[in-house]
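>>> give me coordinates for this.
(2 chains)
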Amino acid sequence: QVTLRESGPALVKPTQTLTLTCTFSGFSVTTSEMSVSWIRQPPGKALEWLARIDWNDDKYYITSLKTRLTISKDTSKNQVVLTMTNMDPVDTATYYCARTFWSGYYNYFDYWGQGTLVTVSS
Amino acid sequence: DIQMTQSPSSLSASVGDRVTITCRASQSISNYLNWYQQKPGKAPKFLIFAATSLQSGVPSRFSGSGSGTDFTLTITSLQPEDFATYYCQHNYRTPLTFGGGTKVEIK
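Here you go, the predicted model:
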């Protein structure tokens, strides 16, 4: 059974660094063609993909936030961590982690965490 | 970056109706197109990959079509549990992007 769960602070102040942890079970991110992505959704708005880390430790980021994001994995703990620096109120959103499954060259988010709401406010 | 545009942004329909949602890519993405369903307060649910392939367990009233830049999600005979917001997402290359969403509401 595949599960993912996000954890991190519910409230951060502007300019602070956000650290979110995705703890998962039922799969391994060291398995070929298995990845984990982070996706966010501001209140009432659309989904926005942020970053992905692959089984071979390759990392990919959204262009607009590339300088502020870092994704990493701890395979011994079955965790993927996302850090976002210099937080701003516009970064207020529900942050999801999702398993990225590969079928040949196709990939998709087949399992999602429940999401964690992060509010940026002083 | 590839931009994904969905239309309409919302629609009203009745149970039993046939509903079609359109997604357009800013450049050709072949058939590297996924669809998701999201209900209020919940994480998205994966429906379709490779533009036309239904995820296991997804009802057959859902179908996808298209290739290149233009894609559609069709729901034949809309059911009460289908009222939700639907998102397309390309996986042609990174960065990955989603469409703006289409909210399907009860008429």
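>>> which SSE is the residue nearest the centre of chain A in?
Centre of chain A computed as the mean C-alpha position; nearest residue by C-alpha atoms, centre = their mean is A:Trp38, 2.3 Å away. If you go by DSSP states H and E, A:Trp38 is part of strand A:34-41.
>>> which residues touch A:Leu11?
A:Val118, A:Thr119, A:Val120, A:Ser121 (C-beta atoms under 8 Å, 6 or more residues apart in numbering or on different chains). To be clear about C-beta, it is placed using only N, CA and C from the backbone, and glycine gets the same treatment.
>>> chain B contacts on chain A?
A:37, A:46-49, A:52, A:60-63, A:96, A:98, A:103, A:105-110, A:112-115 (C-beta under 8 Å from any C-beta of the partner chain).
>>> of the residues you listed, which belong to strands?
A:37, A:48-49, A:52, A:60-61, A:96, A:98, A:103, A:106-110, A:112 (DSSP state E).
>>> look up how far chain B lies from the residue nearest to the centre of chain A.
Taking C-beta to the nearest C-beta, to the nearest Å as the measure, A:Trp38 falls 11 Å from chain B.
>>> with A:Ile53 instead?
Distance from A:Ile53 to chain B, by C-beta to the nearest C-beta: 12 Å.
>>> now do the contacts for that residue.
Counted by C-beta under 8 Å, 6+ apart, A:Ile53 has contacts A:Val29, A:Ser35, A:Val36, A:Ser37, A:Lys59, A:Tyr60, A:Ile71, A:Ser72, A:Lys73, A:Val80.
>>> drop anything exposed from the residues you listed.
Buried members of the contacts of A:Ile53, counted by 16 or more other C-beta atoms under 10 Å in any protein chain shown: A:Val29, A:Ser35, A:Val36, A:Ser37, A:Tyr60, A:Ile71, A:Lys73, A:Val80.
>>> right, and the first one touches A:Lys77 too?
No. Applying C-beta atoms under 8 Å as the test, A:Val29 and A:Lys77 come out as separate, 10.7 Å apart.
>>> what sits against A:Ser76?
So A:Ser76 contacts nothing (C-beta under 8 Å, 6+ apart).
>>> make sure it is indeed in a strand.
No. Assessed with DSSP: H, G, I helix; E, B strand; the rest coil, A:Ser76 is coil; it does not lie in a strand.
>>> could you check how far the closest residue to A:Ser25 other than its chain neighbours is from A:Trp102?
Distances taken as C-beta to C-beta, 6 or more residues apart in numbering or on different chains put A:Thr3 closest to A:Ser25, at 5.2 Å, once the chain neighbours are dropped. Here the criterion is C-beta to C-beta, to the nearest Å. By it, A:Thr3 lies 19 Å from A:Trp102.
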